[in-house]
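Student: Sequence and predicted model, in that order:
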Amino acid sequence: MPIAPIVGKLRKRLITDLSMGLGLGFAGGYLFWYTVHKPIVHQRDEYYKKYDAAKA
Amino acid sequence: MLELLSRLFSPVYCDAPEPWQIGFQDAGSPIAEGIQNLHNEIFFYLIVIFVGVGWVLGSVVVNYSQDKSPIVYKYANHGTLIELVWTITPAFILIAIAFPSFKLLYLMDEVISPSMTIKVVGHQWYWSYEYSDFVNDDGESIEFDSYMLPESDLEDGQLRLLDVDNRVVVPVDTHIRFVVTGADVLHDFACPSLGLKIDCCPGRLNQTSVFIKREGVFYGQCSELCGVYHGFMPIAIEAVSMEKYLSWLDSQG
């Protein structure tokens, strides 16, 4: 059985793989940033606002 | 069950470690906040890399199997371009991580005009503290030892293996310098929620500083293996208002 020549790998796979991998990666990263990190910082800032107000 | 759920979903922890804790303790100083922010910034890159590499690996396994790709694509082996790409890209990622990391590292190293200095000496197996800036009625600087409370002496609310007989009492909103050393072997003065961690080496003085933003009791443990009772020489730092601190100083007469 003849083996098909390798053509269009870059177009077919590399661009798809890189954009999917990095796209999903950045999506996951931003999901973490906005659902985990930001709420913690917000909660901390709110705490210190109340704390400073109580102290003043 | 409710407690477990609240522990998993609430980012709030007290200033001591808790059973099954997987996150940080609440930051009590700007340095600890910086450490936690840096951790989260790096974690962002970690997720991008994990998902990106996982996707490409999965794609290679699926699309370049023996069945689907019986001959090797010639530029996949010894391909100069792809090797350049996978060398230079991680280098840029490392640089992106390194800059905030070094910034924090050098900031932590700064001892900004401290208002007071506390000398900390690690012993086998307790800590001793010396407030060199203050003297008692006899004209001697205030000094005391701090031993772990045995389980039999614990009162309600006190923490097993963490509470001590004499806490280090310090004022909030004050630049405090700790000068540390070891009396016998290496110890390490550490308090996670204050971002403190510094080796206590015999024959050498190390220094670090802390600025505590809120009142509370912050717990830490010796963090350098120092012998059989290494796990039984905790650190308890009690941050109080300046007024309470001054009255505590008076009581040390």
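Tutor: Yep, that arrived.
Student: Let me see the contact set for whatever residue of the stretch 151-253 of chain B ends up closest to chain A.
Tutor: Residue nearest to chain A within the stretch 151-253 of chain B: B:Arg214 (5.9 Å; CB to the nearest CB). Placement of C-beta: from N, CA and C, glycine included. With contact taken as CB atoms under 8 Å, 6 or more residues apart in numbering or on different chains, B:Arg214 is in contact with A:Tyr48, A:Tyr51, B:Gly28, B:Val172, B:Ala239.
Student: Could you verify my assumption that B:Ala16 touches B:Asp163?
Tutor: No: applying CB atoms under 8 Å, one finds B:Ala16 not in contact with B:Asp163, separated by 9.2 Å.
Student: Now do the shared contacts for these two.
Tutor: Shared contacts of B:Ala16 and B:Asp163, defined by CB under 8 Å, 6+ apart, are found at B:Tyr219.
Student: circling back to that earlier point, list buried members of the contacts of B:Arg214 by neighbour count.
Tutor: When the contacts of B:Arg214 are checked for burial by 16 or more other CB atoms under 10 Å in any protein chain shown, the buried set is B:Gly28, B:Val172, B:Ala239.
Student: Let me see the ranges of the helices in chain B.
Tutor: Secondary structure of chain B by DSSP state H: the helices cover B:2-9, B:30-63, B:80-109, B:242-251.
Student: How far does stretch A:26-35 sit from its chain's centre?
Tutor: Relative to its parent chain, stretch A:26-35 has a centroid offset of 4 Å by CA atoms, centre = their mean, to the nearest Å.
Student: Give me the residues contacting it.
Tutor: Under the criterion CB under 8 Å, 6+ apart, residues B:Asn40, B:Phe43, B:Phe44, B:Tyr45, B:Ile47, B:Val48, B:Phe50, B:Val51 lie in contact with stretch A:26-35.
Student: does any part of the helix-or-strand element of chain A with minimal mean pLDDT sit near chain B?
Tutor: Across the helices and strands of chain A, mean pLDDT, DSSP states H and E gives its lowest value to helix A:9, namely a mean of 71. Yes: counting by CB under 8 Å from any CB of the partner chain, chain B has neighbours in helix A:9: A:Lys9.
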